[in-house]
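> Fold the following.
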Amino acid sequence: MMHGALQYGAAFGAGFLACMVNSVAGGGTLLTFPTLIWLGLNSVTANATSTVAIWPGSLGGAFGYRKELEGVDRKMLFLALPSLLGGIGGAWLLRFTPPAVFDKLVPWLILFATLLFMVQEPVQRWLKGSSGGDHHGTKWFAGAMLFQFFVSVYGGYFGAGIGILMLAALSILGVVDIHLMNGMKNFFAFCINGVAAVYFIVAGMVTWPFVLAMAFGAILGGVLGAGVARRIGRAAVRKIVIGVGFAMAASLFFKH
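Down below sits the predicted model:
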């Protein structure tokens, strides 16, 4: 375990890299969460701390798609309700999950999130090209609300990979404009992670020195890191995130 300035430097760097890759590929949680575990936090505290530290980035993501969101069907905003309820429900479940139990779940959650991240672009292309059918009826909307609720429970509980799941929920409703879908996805992620972050803070589940170091890194990464990531290239960034995800999952499977 590192100590002192090195610990906070690592947390800062993880926050910077997370927001940098989020700007071009998403999957930043697959960098922040493992880093906090490597720094010595138990898995539950690491998850809560990561959520609080990175949450402001989702606001910037939603703001970036504000023009697309101006034309959204107001009915779609009702999906914020299951997002909020599911987010708080998942956060509550995390609070009452013993760290030893969560430790056993974490490798599977990271592997699941990494696999979702791998298929994100093919699924997005499929969703962009899909059309047809009446996806605006009551049954479709009820189904999307229910699906969004369970996605949000997962998001409040762990979080990594919820973007691709929310894109699937929007496809149930027949939304095919990928830019609108990404804007709505970011807005609902802001709701899910925001209510979970508030719950984690009130419940005293976060380690504030790491939150502050990681949050400062995230802010700087959001401002400066996007340019660096774009120069590296989207494909290279995605490979780095996938590599980290698989490596972390494998190391934890081996550990347990």
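> in the stretch 151-256 of the chain, which spans are helices?
Counting by DSSP state H, counting those that start in this stretch, the stretch 151-256 of the chain has helices at residues 162-172, 178-202, 208-220, 226-232, 234-255.
> Let me have these in CSV, extended by mean neighbour count, distance to residue 122 and mean pLDDT.
All C-beta atoms are positioned from the backbone trio N, CA, C, and that covers glycine. Listed next are the helices of the stretch 151-256 of the chain as CSV, based on neighbours: other CB atoms under 10 Å; distance: least, CB to CB, whole Å; pLDDT from 0 to 100:
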stretch, mean neighbour count, distance to residue 122, mean pLDDT
helix 162-172, 22, 10, 73
helix 178-202, 22, 13, 85
helix 208-220, 21, 28, 90
helix 226-232, 14, 21, 66
helix 234-255, 16, 12, 75
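> mind giving me a markdown table with those helices and columns for distance to residue 85?
Converted to a markdown table, the helices of the stretch 151-256 of the chain look like this (distance: least, CB to CB, whole Å):
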| stretch | distance to residue 85 |
| --- | --- |
| helix 162-172 | 14 |
| helix 178-202 | 9 |
| helix 208-220 | 25 |
| helix 226-232 | 32 |
| helix 234-255 | 28 |
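> Nearest to residue 6, out of the ones you listed?
helix 208-220 (11.2 Å; CB to CB).
> Which strands and helices lie in contact with the closest one?
helix 5-22, helix 29-38, helix 43-54, helix 56-64 (3 or more CB pairs under 8 Å, 6 or more residues apart in numbering; DSSP states H and E).
> Just say which of these is most tucked in.
Among those, the stretch with the highest mean neighbour count (mean count of other CB atoms under 10 Å) is helix 43-54, at a mean of 26.
> before we move on, the earlier item: of all the helices of the stretch 151-256 of the chain, which lies closest to residue 108?
helix 234-255 (7.9 Å).
> And for the closest one, what's in contact with it?
The contact list for helix 234-255 (CB atoms under 8 Å, 6 or more residues apart in numbering) reads 20-21, 24-25, 27-28, 30-31, 34, 103, 106-108, 110-111, 113-114, 117-118, 121, 229.
> Before I go, just wanted to say thanks for your time.
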